[in-house]
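A.B. asks: Can you look at this prediction? I've put the sequence above it.
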Amino acid sequence: MSTDPLDLYLDGILNLPPTPTLMVKLIELFRRADADVDEVVKLMRRDPALAAEVLRRCNLSIIGDSEPVTDINDALFRLGFYEVYQLTVSLFGMQALTLKKELKDFPAEALRRHSGITAIAAGFIAKEAGESEGIAYTVGLLHDVGKVALAAAEGSKYTALLQACGRSGALLGPAEKIAFGFSHDEIGARLLIRWGVPEEIATPVAAHHYAGWSGPHERLVNVVELANLMAHQIQKNAAGKFHELPAVQLLMHKLGLEPDQIFVVKHQVRKTLEQLPPLPPQ
């Protein structure tokens, strides 16, 4: 049994999101260069409810008079592995970002929306930067899962801290460490590791607030940091040129991206959000 304080803290949390075993296996398949489509189909058919929801959302994405998708194999052929992967990981991600027991004043819907926008932005940025779209999308989706764990552990104390930081503009991570001993990025990364998610995803979750990060998976960290900032600006509908923000310029420099690439990505994210089918009720 681990005596690490962070593991002990997680062990004491009731109502943590369950381990999304199917999602972890799908991530493993996606990371393999020799992934067999038949393996993916077999894996997804293990969960009929998941398969049905993926097909529903696939059909919402089809435009025109095309024949409806009726089978996972057909969905993979018609939409492509990456698109079906996005749909599937999104469904699991939204479940992981949902508290089992509703907590008054916890901004659950806002958290899920921000995570979804960050995932979309991360995928597009990764494509421009020559990184894995699927891995970046997954990190973007799960980067704030530690907030759900903290909310489950601390209840109204955590919602009060969120509100206080929102009013004062104080940085959330340092405030979390002072109040509870750990920040949401630390907790989120450790939770993912316990689920069996690879370090390639857990490390950027742990480091997504560190613009000066230098270490393993540095470029993926930078991608998700940039996506997180873009999602916040889109949600706030903030004025000003995004690429002129100092933090954004630093990340662009580290990733070798130009302003026109960032402009295109932001347009792609907005367009995707307009076309996105509604999420199923939680």
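C.D. replies: Thanks, I have it. Numbering: from 1, shown residues only.

A.B. asks: contacts and neighbour counts: CA atoms only from here.
C.D. replies: OK.

A.B. asks: these two touch, right, residue 261 and residue 128?
C.D. replies: Yes. In terms of CA atoms under 8 Å, residue 261 counts as a neighbour of residue 128; the distance is 7.2 Å.

A.B. asks: Those two: which is more packed in?
C.D. replies: residue 128 (20 against 16; other CA atoms under 10 Å).

A.B. asks: pretty sure the more buried one contacts residue 259?
C.D. replies: No. With contact defined as CA under 8 Å, residue 128 does not reach residue 259; the gap is 11.7 Å.

A.B. asks: how's this structure carved up into domains?
C.D. replies: In the domain annotation for the chain, the residue ranges read 18-92, 97-282 (automatic domain parsing).

A.B. asks: Might you report the residue contacts of the closest residue to residue 82 other than its chain neighbours?
C.D. replies: Counting by CA to CA, 6 or more residues apart in numbering, residue 82 lies nearest to residue 134, which is 6.7 Å off, once chain neighbours are set aside. The neighbourhood of residue 134, defined by CA atoms under 8 Å, 6 or more residues apart in numbering, consists of 30, 82, 85-86, 123.

A.B. asks: Of those - the most surrounded one?
C.D. replies: Neighbour max across the contacts of residue 134 (other CA under 10 Å) = residue 123, 27 neighbours.

A.B. asks: May I see the buried residues of the helix or strand containing it?
C.D. replies: Element membership of residue 123 [criterion: DSSP states H and E] is helix 108-129. Across helix 108-129, burial judged by 16 or more other CA atoms under 10 Å covers 108, 111-126, 128-129.

A.B. asks: try stretch 260-273
C.D. replies: Quick answer for stretch 260-273 (16+ other CA under 10 Å): 261-262, 265-266, 269-270.

A.B. asks: between those, which is closest to residue 70?
C.D. replies: Closest approach between these and residue 70, by CA to CA: residue 269, at 28.2 Å.

A.B. asks: what about the residue nearest to residue 217 when sequence neighbours are not counted, which SS state?
C.D. replies: Closest residue in space to residue 217, ignoring its immediate chain neighbours: residue 200 at 6.4 Å, by CA to CA, 6+ apart. With DSSP: H, G, I helix; E, B strand; the rest coil as the basis, the three-state label of residue 200 is helix.

A.B. asks: With distance to residue 72, pLDDT and secondary structure as new columns, can the contacts of residue 134 be given to me in CSV?
C.D. replies: Formatted as CSV, the contacts of residue 134 follow (distance: CA to CA, whole Å; pLDDT from 0 to 100; DSSP: H, G, I helix; E, B strand; the rest coil):
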residue, distance to residue 72, pLDDT, secondary structure
30, 16, 81, helix
82, 13, 82, helix
85, 11, 84, helix
86, 14, 86, helix
123, 23, 95, helix
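
A.B. asks: which one among those residues gets closest to residue 140?
C.D. replies: Using CA to CA, residue 123 comes nearest to residue 140 of those, at 8.2 Å.

A.B. asks: what comes into contact with stretch 46-63?
C.D. replies: For stretch 46-63, contacts defined as CA under 8 Å, 6+ apart pick out 44-45, 68-72, 75, 79, 84, 87-88, 276-277.

A.B. asks: cool, stretch 16-28 as well?
C.D. replies: Contacts for stretch 16-28 (CA under 8 Å, 6+ apart): 40, 43-44, 85, 88-89, 92, 95-100, 149, 152, 195-197.

A.B. asks: Next step: those residues restricted to strands.
C.D. replies: Using DSSP state E, no member of the contacts of stretch 16-28 falls within strands.

A.B. asks: What subset of those is buried?
C.D. replies: Buried members of the contacts of stretch 16-28, scored by 16+ other CA under 10 Å, are 40, 43-44, 85, 88-89, 92, 95-100, 149, 152, 196-197.
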